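Asks: Quick check, what structure comes out for this input:
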Amino acid sequence: MSTPLWVIVPAYNEAARIGATLDALAAQTDTDFTLLVVDNNSTDETAEIASDFRGPFPTYVVIEREKGVGCAVDTGFRHAIAAGAQFLARTDADCLPAPGWVAAARAALTESRGLACGRITARHDEHGFAGRAFFRTLVVLAASFGRIRPAHRGPEFKAPYRMHAGNNMAITAELYEACGGMPRRPSPTDRTFLNRVRRTSPAIVHSRHMVVANSTRRIKAYGVLGTAKWYLDKGSGTRTADPR
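Replies: Okay, the predicted model is just below:
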């Protein structure tokens, strides 16, 4: 019997996109997991679509009315842990995990018993070659900025900084609880969470086989400069954190 693994998908008003995400999860080479969609009080049919979904694994939907992706993720992770999950993996309702994503997450957690960070690419249905190339450049710059940033290099950290995308990560239940979990607030939350883990454990690995195609809607919503500021940890400025 394999280690119980739950996949958590936070979602807010993703009726137009969550179907493709669920189909991508149904197409995994490893379907020995439980899916939990956490609807963050959507006003469209997101929760209904998730509830009607029938995949090769058990699927549940819970509603988190406290706004913010951090609230939805934390509620989902703690719900899964209470139900017996030992491994937790997360992607988002506008992302497309590659077919081997769950298998790679399970392998990384089995080896590390900590946090596994995956590799993100740009969805091919949102921007052309130039947009995807810009996204790749931003990811490289954000990763480099994170490594040299003084706030990420203190003696309290047990592991070096590495790029961590919240929509492509996996963690053991034990480490999630030990580090204090996801900050319950709106995005951005990824760096704060990563640093909580780094203060708790050195067991952080990168898996190039955990691949998720990421939405690049932020480029259209924020523009090139605004998106660059976002990925370089400057937040959304005067814009809403929701890029739609």
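Asks: show me what contacts residue 178?
Replies: 200-201 (CB atoms under 8 Å, 6 or more residues apart in numbering). Using the backbone N, CA and C atoms, a C-beta is placed for each residue, glycine as well.
Asks: From residue 156, how far off is it?
Replies: From residue 178 across to residue 156, the span is 15 Å (CB to CB, to the nearest Å).
Asks: Can you find the helix or strand of the protein with the lowest average pLDDT?
Replies: Least confident element among the helices and strands of the chain, by mean pLDDT, DSSP states H and E: helix 217-229 (a mean of 69).
Asks: Please enumerate the strands of the protein.
Replies: For the chain, the strands defined by DSSP state E occupy 5-11, 34-39, 59-63, 87-90, 96-97, 115-122, 169-172, 204-214.
Asks: Dump those strands into CSV; add distance to residue 189 and mean neighbour count as well.
Replies: Shown next, in CSV, are these (distance: least, CB to CB, whole Å; neighbours: other CB atoms under 10 Å):
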stretch, distance to residue 189, mean neighbour count
strand 5-11, 10, 26
strand 34-39, 14, 24
strand 59-63, 19, 17
strand 87-90, 11, 26
strand 96-97, 20, 24
strand 115-122, 14, 22
strand 169-172, 11, 27
strand 204-214, 16, 19
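Asks: Make CSV out of these and add mean pLDDT and distance to residue 183.
Replies: Supplementary listing: the strands of the chain in CSV, determined by pLDDT from 0 to 100; distance: least, CB to CB, whole Å:
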stretch, mean pLDDT, distance to residue 183
strand 5-11, 98, 13
strand 34-39, 98, 15
strand 59-63, 98, 19
strand 87-90, 98, 14
strand 96-97, 98, 24
strand 115-122, 93, 15
strand 169-172, 97, 14
strand 204-214, 95, 18
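Asks: With distance to residue 149 as extra columns, can I get those strands in TSV?
Replies: Listed next are these as TSV, based on distance: least, CB to CB, whole Å:
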stretch	distance to residue 149
strand 5-11	26
strand 34-39	30
strand 59-63	35
strand 87-90	24
strand 96-97	29
strand 115-122	17
strand 169-172	20
strand 204-214	17
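Asks: so which of the ones you listed gets nearest residue 103?
Replies: strand 204-214 (7.9 Å; CB to CB).
Asks: circling back to that earlier point, residue 141 is nearest to which of the strands of the chain?
Replies: With CB to CB, the closest approach to residue 141 among the strands of the chain belongs to strand 115-122: 13.8 Å.
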